[in-house]
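> got a sequence here, can you model it:
(chains A and B)
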Number of protein chains: 2
Amino acid sequence: MSLIVVGTMAFDAIETPFGKSGQTVGGSATYLAWSATNFVDTVNQVSVIGYDFPQEELEALAKRGVRFDGVERKTGEKSFFWAGRYHLDMNTRDTLDTQLNVLASFDPKIPDSYQGAEFLMLGNLMPSLQMSVIRQMKKRPKLIVLDTMNFWMDTAMSDLEAVLKEVDVLMVNDSEARQLSGQYSLVKAARQIRNMGPKFLVIKKGEHGALLFHEDQVFFAPALPLEDVFDPTGAGDTFAGGFIGHLAATRDISFENMKTAIIKGSALASFCVEKFGTHRMKEITRHDIEERMRQFVQLVNFDIQLTR
Amino acid sequence: MSLIVVGTMAFDAIETPFGKSGQTVGGSATYLAWSATNFVDTVNQVSVIGYDFPQEELEALAKRGVRFDGVERKTGEKSFFWAGRYHLDMNTRDTLDTQLNVLASFDPKIPDSYQGAEFLMLGNLMPSLQMSVIRQMKKRPKLIVLDTMNFWMDTAMSDLEAVLKEVDVLMVNDSEARQLSGQYSLVKAARQIRNMGPKFLVIKKGEHGALLFHEDQVFFAPALPLEDVFDPTGAGDTFAGGFIGHLAATRDISFENMKTAIIKGSALASFCVEKFGTHRMKEITRHDIEERMRQFVQLVNFDIQLTR
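Sure thing, here's the model as predicted:
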């Protein structure tokens, strides 16, 4: 059940219609680790941090089983920083500031101690770096999941196409699926994208849920309707962390088990958005997750008599 | 299982990125009737038509059990006409032309032969007319469902508030629910709207599915992911027709049965959008509907072990 997680560990500054976060810990690999450790005992983290990344965050993650052999600390530089402002719909946002800092020269290294891992989660990063990680694996993992974004489709499409050929599951949002495929219909987009490499495609639709496509099968999981969405930052990474965490814990990569993984990811994402940054992820218990899974079952459960 | 349906029977002219319909039969009560007659033997129609409404459409509906005692034909006037153009997303549209014609002086009359009906579906119309229909019912129906739109919130809010106090189920889309309640969160919007009268609220989200709220319960049904959405006109009315048709056929207005009604409405709406106007609704068979219900079960069915 060994799992490698690759991505950023960073600072965010978030503005929403409900408040400002100030500088808060974020980054794709941070959210992925907080989320996945609800299901697995160990997460082998690959990232880069500056001198300013808080020691207490690292210690809190270490207590949950996150290993940092693959996390480089550059003592002369600052951590990656992103600032953004959400619109009232909490779905669209403007970037206010991006400071690459340590990320500008990031060259992820897989330590020997991580070799042999069966599950590899490639968080959103430059596609050539995602490819470099895959190339460093001496034995191909049982499952490689890749997250990406429109920015790389605009600026590094041929690198992205190359790495897509090497992965099993692609995760993108609906507008990214449309951009990548050139198809408006998500059913057609899914078919096209699966021809580009990934056998499985997860399309994240935020408050509208998520779709899983594989061969001629499709599964849909709603997002839990919430009283308040306070801060959507990290929800996609938290979803991905729950997804790969469940798969790594069960070592079952069937379509049926991926459905469960989608529901678990959705449940965790529904917590993430309730507070700024990773704060809510630090509070939740196994019982809270179980309770929310129950709400998911309630939400979509129906009984229909079909003739047959 | 007697059902009254009130709404428009009209002409539409629709432009989508995929083509133009030319003048085609439409109207809320037309779609409601085509849809509901998949489940009930008789629909008691209330509407108004001009001299130009095609006799063959009336005959086709009559063959399916639609009664026209409550449909007034004004021989000196034209039928209501709407023209619109859909954007590429097929969710937003511009109105190109509206000609009220017979609708300008519409005063719905409930014939004696309709009295005693247990189910009343009030399609989108001026709220004062919807109220007039309720007032004409000598015995209050077992269930009154009301559809409305943002236009009435802008122009006739006090009439709308008055009629909302008299109905059991309100159907609106997500932006209308937000406008009506002044709440962005749909969970909060639902609570507020249920305080305005309706014990049940259905929020239609188009390609993103539908939500049903009642007391502290919530149910979500996805829309079936489709290869192509050809023309969304009438999808909401077709959904409503399937919903009330199933409830009227089963005479069971429990939350559990409303869940089934939502799925049946969603299945019928998924056919409606496959061709212009009511064309697809005329082709589908009981077997087609059953097959699509099976796809719905597949789409959302998952199995999770919850500790208890």
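
> what secondary structure does the closest residue to chain B within the stretch 51-200 of chain A sit in?
Minimum separation of the stretch 51-200 of chain A from chain B (C-beta to the nearest C-beta) falls at A:Val187, amounting to 5.0 Å. Every C-beta, even on glycine, is put in place using the N, C-alpha and C of the backbone. The local conformation at A:Val187, judged by DSSP: H, G, I helix; E, B strand; the rest coil, is helix.

> pLDDT score for A:Ala189?
With respect to pLDDT, A:Ala189 scores 96.

> you'd agree it is up against A:Ser175?
No: using C-beta atoms under 8 Å, A:Ala189 is not in contact with A:Ser175, being 10.3 Å away.

> the residue nearest the centre of chain A: which element?
What sits nearest the mean C-alpha location of chain A, by C-alpha atoms, centre = their mean, is A:Asp237, with 2.6 Å. A:Asp237 is located in helix A:235-250, with elements delineated by DSSP states H and E.

> give the contact list for A:Pro127.
When the contact criterion is C-beta atoms under 8 Å, 6 or more residues apart in numbering or on different chains, the partners of A:Pro127 are A:Thr148, A:Trp152, A:Ala156, A:Asp159, A:Leu160, A:Ala162, A:Val163.

> now those: which count as buried?
A:Thr148, A:Trp152, A:Ala156, A:Asp159, A:Leu160, A:Val163 (16 or more other C-beta atoms under 10 Å in any protein chain shown).

> list the buried residues for the helix ranked longest in chain A?
Of all the segments of type helix in chain A, defined by DSSP state H, the longest one is helix A:255-272. Neighbour counts over helix A:255-272 (16+ other C-beta under 10 Å) mark A:257-272 as buried.

> picking that back up, surely the residue of the stretch 51-200 of chain A closest to chain B touches B:Leu224?
No: A:Val187 is beyond contact range of B:Leu224, at 9.5 Å (criterion: C-beta under 8 Å).

> when those two are compared, which one has more neighbours?
Neighbours per residue (other C-beta atoms under 10 Å in any protein chain shown) separate A:Val187 from B:Leu224, with B:Leu224 holding more: 21 against 15.

> pretty sure the more buried one belongs to a strand, no?
No: counting by three-state DSSP, one finds B:Leu224 to be coil, located in no strand.

> got a list of what it touches?
If you count contacts by C-beta under 8 Å, 6+ apart, then B:Leu224 has B:Ser266, B:Ala267, B:Ser270, B:Arg292, B:Gln295, B:Phe296, B:Leu299 around it.

> need the contact list for the last one.
Counting by C-beta under 8 Å, 6+ apart, B:Leu299 makes contact with A:Val218, A:Phe219, A:Phe220, B:Pro222, B:Leu224, B:Pro225.

> remind me what the helix or strand harbouring the second one packs against, helices and strands.
With elements delineated by DSSP H and E, A:Phe219 resides in strand A:217-221, which encompasses its position. Taking 3 or more C-beta pairs under 8 Å, 6 or more residues apart in numbering or on different chains; DSSP states H and E as the contact definition, the neighbouring helices and strands of strand A:217-221 are strand A:210-214, helix A:255-272, helix B:286-300.

> mind putting the ones you listed into a markdown table with distance to A:Arg93?
Rendered in a markdown table, the data for the helices and strands packed on strand A:217-221 read as follows (distance: least, C-beta to C-beta, whole Å):
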| stretch | distance to A:Arg93 |
| --- | --- |
| strand A:210-214 | 19 |
| helix A:255-272 | 15 |
| helix B:286-300 | 29 |
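
> what pLDDT is listed against A:Gly26?
A:Gly26 is assigned a pLDDT of 96 by the prediction.

> excluding sequence neighbours, find me the nearest residue to it.
In space, and not counting its chain neighbours, A:Gly26 is closest to A:Asp12: 3.6 Å by C-beta to C-beta, 6 or more residues apart in numbering or on different chains.

> am I right that that neighbour is in contact with A:Ser21?
Yes: with the criterion set as C-beta under 8 Å, A:Asp12 and A:Ser21 qualify as a contacting pair; they are 6.8 Å apart.

> overlap in contacts, the two.
Shared contacts of A:Asp12 and A:Ser21, defined by C-beta under 8 Å, 6+ apart, comprise A:Gly277.

> I'd guessed A:Met171 sits against A:Pro198; true?
No: in this structure, A:Met171 sits apart from A:Pro198 without contact. The criterion is C-beta under 8 Å, and the distance is 9.2 Å.

> who's more crowded, the two?
For A:Met171 and A:Pro198, the more surrounded residue by other C-beta under 10 Å is A:Met171, and the numbers stand at 30 against 24.

> contacting residues around the more buried one?
For A:Met171, the contacting residues are A:Val145, A:Leu146, A:Asp147, A:Thr148, A:Val202, A:Lys204, A:Gly236, A:Ala240, A:Phe243, by C-beta under 8 Å, 6+ apart.

> 10 Å instead?
A:Met171 sits next to A:121-124, A:145-148, A:177, A:198, A:200-204, A:210, A:212, A:236-237, A:239-240, A:243-244, A:265 when contact means C-beta atoms under 10 Å, 6 or more residues apart in numbering or on different chains.
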